[in-house]
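Chemist: Coordinates for the following, if possible.
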Amino acid sequence: MRHFCSYGPVDCHAHFCVQHQALISTGVEQLIGHPEEEGGHYFTIWAPRQTGKTWLMRRIKQEILQQYPEEFILFNFSLGGLRGMNFTPSENSDFPKAFAELLQEVLPSKPIVSSWKQFRELFSRTDGLWDRPLILLIDEVDTIPLALIDLMVAQFRELYLERETNWLHGLALIGVRAVLGIESQRGSPFNIQRSLQVPNLTPEEVNELYRQYQEESGQRIETTVVEKVYQSLSGQPGLVSWFGELLTEKYNPGFNHVIDMENWDELWEKARFVEPNNTVMNLIAKASVPEYQPFLMKLFGCNNIPFSFHRPLCNYLYLHGIIEPFSIRQHNGKRREICRFSSPFIQDCLYYALGDEFVGDDIPILPLQPLDNLADVFEGACFNLPALLTRYKDYLARFKAQGINLWKEPPRRKTDLKLTEAVG
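Modeler: Now for the predicted structure:
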């Protein structure tokens, strides 16, 4: 029987999976190009960690090999082996030795490359490594220093402008953020409009994943549990599969039992506070950067912060999967993009992981829980005052749990010692 897989590329023979056939077709089309064009496109495939970038690259490669078995040569390699390398270009040395060694290791004929001129000559129609149109896919581009990305990208730009002299037909760079050229003074040589973003799973795709498990295992999962998986994770592929692993393996009540909301409640608690996950830990590490913490603290208590892809802070948090844009319609009828956390699960994990750093000593307790949208207070025809008062009582209880007596020593502002809140 297949199983859920949350780390590394998915293999549909061994793992539950959904086929992003439209996305795969788009990738193939961009690399091959149209008959009236001189060649394929040079573009980027980008998404946050654990969303299926490497899987998509491999599926695109398979499709091209099946459709064009003789017309193109396909070659792919990863720059992940250069993770952590240091590189500062100079007049005497702008081609790092580690990069040269990687090329010698992965390329056919084991060429010795010691300059960018020799790098470009690898693709030459007369003296290069290949004898027909080449489609090149390079993964883990974000792992190398920005200065090296700049220099490498510049070479591909030159190759693109002189396509009649080289075999490089189509190129895809796969990464998270730096691959888009956002942090580079040179920018990207590719048309960003043609970049391919790997999207989150839709509700239908999440249902399909869990349907496959139920069909192959014979164990039923309540519909509300699957709905909770999608709603809590917003369809993030790696996390959806991770929850599937936990539900069907570690916290499975037994194949003779239905996986129900009681099992979901246990999983929700364990996933937030007990179970380690590389994607979550990576997001927490990025959110811990001091320059982003004031913004994230504000986002926990404010629901109308404008979103702009061109704002560096929004851009960084969005491309790493911490926030996302959310479209609203204002009172004047105009649309506006605002910031939201990428999912309730990520919001909750960040709040509990970084709460002390965000809050400090000034605001010890939030009036509302981070994920409380007051839906039941406003859903009826009349204002639900009992529901609101229940929250206020819970708020006071949180003070009591921390040993704070609002009636004896009410919190005061440090500036003028006036009460920060009136209670009664």
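Chemist: quick one: low-confidence ranges for the stretch 51-200 of the chain?
Modeler: Along the stretch 51-200 of the chain, the parts satisfying pLDDT under 70 run over 91, 177-193.
Chemist: center of the chain - which residue?
Modeler: Closest residue to the average C-alpha location of the chain: residue 48 at 2.1 Å, with CA atoms, centre = their mean.
Chemist: element containing the nearest residue to it once chain neighbours are set aside?
Modeler: Spatial nearest neighbour of residue 48, excluding adjacent residues (CB to CB, 6 or more residues apart in numbering): residue 321 at 3.0 Å. Using the backbone N, CA and C atoms, a C-beta is placed for each residue, glycine as well. Using DSSP states H and E, no element contains residue 321; it sits outside every helix and strand.
Chemist: do the one 3 residues further on as well
Modeler: When elements are assigned from DSSP H and E, residue 324 belongs to strand 323-329.
Chemist: any idea which helix or strand comes after that strand?
Modeler: Using DSSP H and E, the helix or strand that follows strand 323-329 in sequence is strand 335-341.
Chemist: what is the orientation angle of that following strand with strand 323-329?
Modeler: Orientation check (axes from the mean of the first three to the mean of the last three CA atoms, to 10 degrees): strand 335-341 against strand 323-329 gives 150 degrees.
Chemist: in the stretch 301-424 of the chain, what spans have low per-residue confidence?
Modeler: Scanning the stretch 301-424 of the chain for pLDDT under 70 picks out 356-364, 370-371, 406-411, 414, 417, 420-424.
Chemist: since we're on residue 416, how many residues are nearby?
Modeler: Look at residue 416: counted by other CB atoms under 10 Å, it has 6 neighbours.
Chemist: For residue 367, see how far away it is.
Modeler: Separation of residue 416 from residue 367 (CB to CB, to the nearest Å): 22 Å.
Chemist: who are the neighbours in contact with residue 267?
Modeler: With contact taken as CB atoms under 8 Å, 6 or more residues apart in numbering, residue 267 is in contact with 243, 246, 247, 251.
Chemist: Grab the nearest non-local neighbour of residue 231.
Modeler: Distance criterion CB to CB, 6+ apart; nearest residue to residue 231, sequence neighbours excluded, is residue 344 at 7.2 Å.
Chemist: where's residue 313, which helix or strand?
Modeler: Here residue 313, judged by DSSP H and E, is contained in helix 312-319.
Chemist: what does that helix rub up against?
Modeler: With contacts defined as CB under 8 Å, 6+ apart, helix 312-319 is touched by 46, 48, 176-177, 180, 182, 286-287, 291-292, 295-296, 307-309, 323-325, 339.
Chemist: Show me this protein divided up by domain.
Modeler: Here the domain assignment for the chain is 21-197, 203-275, 280-360, 369-424, based on automatic domain parsing.
Chemist: In CSV: these, plus distance to residue 1.
Modeler: Below are the domains of the chain laid out as CSV (distance: least, CB to CB, whole Å):
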stretch, distance to residue 1
domain 21-197, 20
domain 203-275, 5
domain 280-360, 27
domain 369-424, 35
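Chemist: Name the next helix or strand following the helix or strand hosting residue 103 along the chain.
Modeler: For residue 103, the element it lies in under DSSP H and E is helix 97-106. Downstream of helix 97-106, the first helix or strand assigned by DSSP H and E is helix 116-121.
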